[in-house]
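> 3D model of this:
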Amino acid sequence: MFNFVKKIYHYYKFYSGPYSSWKIASLKSEGYGSKKILSRVRKSTHITKRSREKFEIDSLIFSKPLRNNKLEKILKNILKKKSKINVIDFGGSLGSTFYRYKSIFKKKNKIKWSIIEQKSFVKIGRKEFENSQLNFFYNLNEFKKKNKNIKIDIFLLSILIQYIKDFKTIIKKIIHINPDYIVILKTPFTFKIKNKIFIEKVPENIYGISYPSWIFSKNSFINLFVNYKVIYNKIVKPWIYSIYFHDIFLKKND
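This is a model prediction of the structure:
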């Protein structure tokens, strides 16, 4: 009973809605482009960059990398077979995930970790964090123009796709890139038939802002990834009433 009440409490604490349109939800929230986010993430990423023992997630600093075991296993398996690995990290901030997994890459391996982000993040990323392994791009079109004929091993969607209004267009572009794996982390789903639009309220100890968010119908969402099959599907925290966060890994059909 206590856990059930706790889930309902978290539901109202972190979400409001549903709303009838993305426009209405946008007007009632601050938006993902808030300067608060970039300022805090920038400071935390500089700490991560300088340290081998500190790692950033959502601007918070941790003493452990807090890796996803399944993603780590796939990266290591690819590195056993190839001397070069290409990762697109869509919405990868200033390198949060890159720094958490960087230590598993041996020097002999050539790594290209490409982050697609908002304009403000890309400007800071290129100026302060870009190197021979880590690169930043404004959109997928820019990436493709500068990286013709590059085979993408992993396309990473880490806690992001739910914040994009026209998410179906992005998914079509991902499929066109034809990565071997598509990794979707900590994404909210419902078992209902239709997608719903909510406002997500981020706690003060992280950003303290709010922005529109899809809560996806799980089956209809997965069906968008044509020619891919689900190889891993796990419900993860946070556990919230009627909203289920999933890690979903898809692999290109042979």
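> quick one, phi psi at residue 146?
Taking degrees, to the nearest 10, you get phi -90, psi -10 for the backbone angles of residue 146.
> mind listing what's buried along stretch 116-123?
Across stretch 116-123, burial judged by 16 or more other CB atoms under 10 Å covers 116, 117, 121, 122. Placement of C-beta: from N, CA and C, glycine included.
> those residues: which two are farthest apart?
116 and 121 (9.6 Å; CB to CB).
> quick one on the thing from earlier: the buried residues of stretch 116-123 in strands, which ones?
Using DSSP state E, the subset of these located in strands is residue 116.
> any idea which of the buried residues of stretch 116-123 is closest to residue 70?
Lowest distance from residue 70 to the buried residues of stretch 116-123 (CB to CB) belongs to residue 116, with 22.1 Å.
> wait, the closest one touches residue 139, no?
Yes - if you go by CB atoms under 8 Å, residue 116 and residue 139 touch, sitting 6.3 Å apart.
> show me what contacts residue 88?
By CB atoms under 8 Å, 6 or more residues apart in numbering, residue 88 lies in contact with 114, 116, 140, 143, 152, 154, 155, 156, 177, 179.
> I'd like to know which of those residues are buried.
Of the members of those, the ones counted as buried by neighbours, 16+ other CB under 10 Å, are 114, 116, 140, 143, 152, 154, 155, 156, 179.
> so the third one sits right up against residue 117, yeah?
Read that as residue 140. No - at 11.4 Å, residue 140 does not count as touching residue 117 under the criterion of CB under 8 Å.
> what residue ranges in this protein score low on pLDDT?
1-12, 32-35, 56, 58-59, 108, 205-207 (pLDDT under 70).
> what about the contacts of residue 88, which are in strands?
Of the contacts of residue 88, the ones assigned to strands by DSSP E are 114, 116, 154, 155, 156.
> list just the nearest of the residues you listed to residue 22.
Nearest member of these to residue 22, counting by CB to CB, is residue 116, at 20.5 Å.
> residue boundaries of the strands in the stretch 151-254 of the chain?
Ranges of strands within the stretch 151-254 of the chain are 154-158, 181-190, 196-201, 210-217, 228-240, 243-252, based on DSSP state E, counting those that start in this stretch.
> about what we covered before: in a markdown table, list the ones in strands among the contacts of residue 88 along with distance to residue 51.
Listed next are the ones in strands among the contacts of residue 88 as a markdown table, based on distance: CB to CB, whole Å:
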| residue | distance to residue 51 |
| --- | --- |
| 114 | 23 |
| 116 | 26 |
| 154 | 25 |
| 155 | 28 |
| 156 | 23 |
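> how about the residues you listed, which pair is most distant?
Across these, no pair lies farther apart than 116 and 154, at 13.4 Å, counting by CB to CB.
> now do residue 247 against residue 155, distance only.
The gap separating residue 247 from residue 155 is 15 Å, by CB to CB, to the nearest Å.
> ditto for residue 109
Noted for residue 109: a distance of 19 Å to residue 155, by CB to CB.
> scan this structure for its longest helix.
The longest helix of the chain (DSSP state H) is helix 35-50.
> now residue 217: closest residue in space that isn't a chain neighbour?
residue 195 (5.3 Å; CB to CB, 6 or more residues apart in numbering).
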